[in-house]
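In: This is a predicted model, with the sequence first.
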Amino acid sequence: MQITTKALILSSLKYGDTSLIVKAFTYSDGLKSYLLKGVLASKKGKLKAAYFQPLTQLEIVVHHKNKGSLERLIDAKVSYPYQSVHSEMAKNAMILFLAEILLNSIFEEEQNKELFNFLEASLQWLDTHDSISNFHLFFLLGLSKYLGFYPDTTNIGYPYFDLVEGEFIESPGINPILKGDMLETFKEFLGTNFDAIHMIRVGNKTRQELLQSLVLYFEVHLHGFKKPRSLAILNEVFS
């Protein structure tokens with residue numbers, strides 16, 4: 001069936017000398033993979049290789065068989081042209097990190113409008129704002145809500161957060177926890193929104209430690225999740 005849908009590019013892998021295998025999160029059908037034959041060789045074709053950079057926002061015309069195999073992508077155009085995301089080093093490092101996170105987090109070939117809308121709006125916010133050093137921390141917490149393991153804030157007054165149970169606790173056991181300054185920063189992110197994240201004062205060391213803990217939180221709660229290779233680059237950019 002041929003349809004037109006919005007899509008976010010998660011990855012593109014060179015296949016042979018002239019083709020790409022592209023993974024995208026689509027508004028219509030969730031995660032999809034496409035074989036783009038000859039896209040690297042053709043300069044006059046409808047599809048341009050530049051469209052398939054990480055987290056590019058596209059409108060695509062596709063033919064979905066929905067049989068778990070590589071699908072056919074017929075046409076594509078940019079639905080939201082980024083102004084700064086690919087040209088500013090800090091934002092580009094963040095985009096590569098977030099694309100890797102999403103590639104390791106989204107596995108369902110089924111529609112998830114709420115998740116798509118969250119991703120689309122978040123990336124457009126990143127593109128149009130300058131104070132972004134806390135963006136990835138708040139983004140990961142927001143993403144956990146759509147993936148089903150957002151922190152339980154029932155006992156937010158307790159002095160520890162158990163990363164395995166996903167809840168605040170009175171006394172630590174054997175599970176990895178958040179405590180002290182990192183816990184207080186974590187609580188601030190739980191109680192804010194994108195437009196206020198620049199007001200949360202976080203030292204570089206605390207930011208890196210909290211990011212490591214949030215990545216561990218994803219590892220614990222998502223089967224098959226792998227720690228992003230781009231994490232070290234991101235930490236270097238924001239150190």
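Out: Good, I have the coordinates. Model, not experiment: these values are computed from the prediction.

In: Contacts for the lowest-mean-pLDDT helix or strand in the chain, please.
Out: Using mean pLDDT, DSSP states H and E, the weakest-scoring helix or strand in the chain turns out to be helix 231-237, at a mean of 84. Outside helix 231-237, the residues that touch it by Cβ atoms under 8 Å, 6 or more residues apart in numbering are 89-90, 93-94, 96-97, 136, 208, 211-212, 215. Using the backbone N, CA and C atoms, a C-beta is placed for each residue, glycine as well.

In: List the buried residues for the lengthiest helix in the chain?
Out: Longest helix in the chain, counting residues (DSSP state H): helix 204-221. Neighbour-count burial for helix 204-221, with 16 or more other Cβ atoms under 10 Å as criterion, is recorded at 206-211, 213-215, 217-218, 220-221.

In: Dump those residues into a markdown table; add distance to Ile197 as well.
Out: Formatted as a markdown table, the buried residues of helix 204-221 follow (distance: Cβ to Cβ, whole Å):
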| residue | distance to Ile197 |
| --- | --- |
| Thr206 | 14 |
| Arg207 | 12 |
| Gln208 | 16 |
| Glu209 | 17 |
| Leu210 | 13 |
| Leu211 | 14 |
| Ser213 | 17 |
| Leu214 | 14 |
| Val215 | 18 |
| Tyr217 | 18 |
| Phe218 | 19 |
| Val220 | 24 |
| His221 | 22 |
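
In: and of those residues, the nearest to Pro172?
Out: Of all those, the one with the least separation from Pro172 (Cβ to Cβ) is Ser213, at 13.8 Å.

In: Surely that closest one touches Asn175?
Out: No - judged on Cβ atoms under 8 Å, Ser213 makes no contact with Asn175 at a distance of 11.9 Å.

In: any common contacting residues for the two?
Out: Counting by Cβ under 8 Å, 6+ apart, the residues touching both Ser213 and Asn175 are Leu163.

In: about what we covered before: nearest to Ser171 among the buried residues of helix 204-221?
Out: Using Cβ to Cβ, Ser213 comes nearest to Ser171 of the buried residues of helix 204-221, at 18.7 Å.

In: Not counting residues beside it along the chain, what's closest to that closest one?
Out: With Cβ to Cβ, 6 or more residues apart in numbering as the criterion, Ser213 has its nearest non-adjacent residue at 6.0 Å, and that residue is Leu178.

In: Could I get the buried residue list for the lengthiest strand in the chain?
Out: The longest strand of the chain (DSSP state E) is strand 2-15. Residues of strand 2-15 classed as buried: 5-12, 15 (neighbour count, 16+ other Cβ under 10 Å).

In: And for stretch 70-82?
Out: Going by neighbour count (16+ other Cβ under 10 Å), the buried part of stretch 70-82 is 71, 73, 76, 80, 82.

In: For the first one, which residues are in contact?
Out: The reference is to Glu71. Counting by Cβ under 8 Å, 6+ apart, Glu71 makes contact with 32-35, 62-65.

In: Relative to Phe138, how far out is it?
Out: 33 Å (Cβ to Cβ, to the nearest Å).

In: ok, the contacts of Glu71 vs Ser230, which is closest?
Out: Ser33 (20.9 Å).

In: Let me know the helix or strand that the closest one is in.
Out: Using DSSP states H and E, Ser33 maps to strand 30-36.

In: what is the mean pLDDT for that strand?
Out: For strand 30-36, mean pLDDT rounds to 94.

In: Just give the strands next to the helix or strand following that strand in its sheet, each with its orientation.
Out: Downstream of strand 30-36, the first helix or strand assigned by DSSP H and E is strand 57-63. Strand 57-63 pairs in its sheet with strand 2-15 (antiparallel), strand 72-80 (antiparallel), by DSSP bridges.
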